[in-house]
Structures are given as C-alpha cells and as structure tokens.
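J.: sharing a model prediction with you, sequence too.
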Amino acid sequence: MQLKDKIIHESLRLFSLKGFSSTTIDDILKTTGSSKGGFYNHFKNKEDLFFQVLEEARVIWRKRNLTGLDQNLKPISNIKMFLENFRDHYLKDSENFPGGCIFITLLVELKDQSPHLAKEINTGFVGMRSMLHRYFKLAQDTGELKKDIDIEAVTSIIFSSMLGATITYNADRSEENVNKTISHIIGYIESLKA
C-alpha cells in the first residue's frame with residue numbers, strides 16, 4: 001500500500017473512532033509510521049485529507065451497499081437488497097469503520113464546528129434518500145406498490161429508520177438488534193405491496 005493510501009485508510013479508521021477534530025496529525029503520523037514531510041507531501045492540510053477520506057468512505061459505501069442492485073428488475077427487490085447490504089456489509093464493516101458509520105459520526109460532530117464540511121457529508125444522505133424515493137416511485141408506477149401510498153412519507157419513514165438503526169448500532173453493536181430492525185423495515189415495505 002502506498003503511503004498516501006495508507007494515510008487515507010488509517011485516517012478513515014481514526015475519524016470513525018475519534019471524529020475529525022479529535023484526531024490529530026500526530027495521531028495519523030503515529031498510526032501510519034509517517035513523518036510530517038511524508039504527510040504534507042500528499043496533503044495540503046488536514047482538511048484536504050478530510051475530503052480524500054470522505055471520497056474513500058463513499059467508494060466503500062457504494063461497494064458495500066449497491067452491489068447486486070443492478071441485477072434485480074423489480075424496485076422493491078432492489079430496496080430490500082439495499083437494506084440487507086446496508087445491514088450485512090456496511091454497518092458491520094469494522095475493518096474500515098471500527099467506530100461505526102463515519103458519515104453519522106462526522107455529520108454530528110461537524111454540523112456546528114465546520115458547517116462547510118458537514119454540508120459536504122450531507123450530500124450523501126440527500127443522495128441516499130433520493131435513491132430510495134426513486135425506487136419507491138418506480139415501484140408504485142409499475143404497480144408493485146399500492147397506488148394510494150404516499151411515496152414521500154414512505155421514503156421519510158424508511159430513511160429515518162435506517163438512520164436510527166445506524167445510530168443504535170454505532171452505540172450498542174448488537175447484531176441481534178440491527179437484524180431485527182432491518183427485518184421490521186423490510187416487513188413494513190412488504191405490507192405496502194399491491
């Protein structure tokens with residue numbers, strides 16, 4: 001692994017555990033075995049590192065959550081697969097995110113301290129919510145969901161439930177609880193089918 005990639009990967013893990021503000025350059029240097037010169041050869045400053053870590057986290061998120069979605073033809077099957085991927089391959093990924101979902105950790109931490117960084121993180125949440133909305137709308141348009149379902153309300157419920165499951169799992173690391181929560185979300189979606 002190249003030094004730059006090592007710094008990004010280890011910083012991702014540190015940000016997941018300690019947050020952005022509490023992770024110092026010295027923490028990163030110690031974890032990676034790098035010198036200050038080695039760090040600054042690849043990154044202008046800690047904020048530059050933040051954006052590269054965020055991009056790496058997004059790549060991992062897409063790989064963990066979106067795998068297999070292009071193979072399904074029905075929107076509800078895609079939503080269910082997304083939820084199962086989210087539970088099994090993203091939330092439980094302690095190799096990359098030992099402190100839990102880095103996006104939740106950083107968004108909460110940076111909302112008031114560094115709003116411009118929090119705004120960048122929030123674009124991912126907006127994108128995830130939009131994806132869910134598109135799938136639910138397509139499911140309704142193709143007759144897979146009942147016609148009288150309020151797609152906006154369903155999207156909000158599922159999105160908020162996923163965030164709640166993420167926060168709870170970050171706090172208690174209970175696989176049993178997260179498995180039940182995602183199963184309940186899937187059960188709710190099944191109840192909306194035409």
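T.: It's in. Residues are numbered from 1 along each chain as shown.

J.: the top helix by length along the chain packs against which elements?
T.: Looking across the chain with DSSP state H, the single longest helix is helix 115-141. When contacts are defined as 3 or more C-beta pairs under 8 Å, 6 or more residues apart in numbering; DSSP states H and E, helix 115-141 sits against helix 46-66, helix 75-85, helix 102-113, helix 151-172. For the C-beta atoms, the positions are set from N, CA and C on the backbone; glycine is no exception.

J.: now the ones you listed in CSV, with mean pLDDT and mean neighbour count?
T.: Output for the helices and strands packed on helix 115-141, formatted as CSV (pLDDT from 0 to 100; neighbours: other C-beta atoms under 10 Å):
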stretch, mean pLDDT, mean neighbour count
helix 46-66, 98, 17
helix 75-85, 96, 19
helix 102-113, 95, 18
helix 151-172, 96, 16
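
J.: for Tyr135, find the nearest of these.
T.: When the helices and strands packed on helix 115-141 are compared for distance to Tyr135 using C-beta to C-beta, the nearest one is helix 75-85, at 4.4 Å.

J.: C-alpha coordinates for that closest one, CSV please?
T.: As requested, C-alpha coordinates have been extracted for helix 75-85 and formatted as CSV (Å, rounded to 0.1, in the frame of the first residue of the first chain):
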residue,chain,number,x,y,z
PRO,A,75,-37.7,-1.9,-7.4
ILE,A,76,-38.9,-3.5,-4.2
SER,A,77,-36.3,-6.3,-4.6
ASN,A,78,-33.7,-3.6,-5.0
ILE,A,79,-34.7,-1.8,-1.9
LYS,A,80,-34.7,-5.0,0.1
MET,A,81,-31.3,-5.9,-1.2
PHE,A,82,-30.0,-2.4,-0.4
LEU,A,83,-31.3,-2.8,3.2
GLU,A,84,-29.7,-6.2,3.5
ASN,A,85,-26.4,-5.0,2.1
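
J.: show me what that helix is packed against.
T.: Under the contact definition 3+ C-beta pairs under 8 Å, 6+ apart, helix 75-85 sits against helix 46-66, helix 115-141, helix 175-191.

J.: how about Asn72, nearest residue that isn't a chain neighbour?
T.: Once its chain neighbours are removed from consideration, Asn72 has its nearest residue in Asn78; the separation is 4.7 Å (C-beta to C-beta, 6 or more residues apart in numbering).

J.: this completes my enquiry, with thanks.
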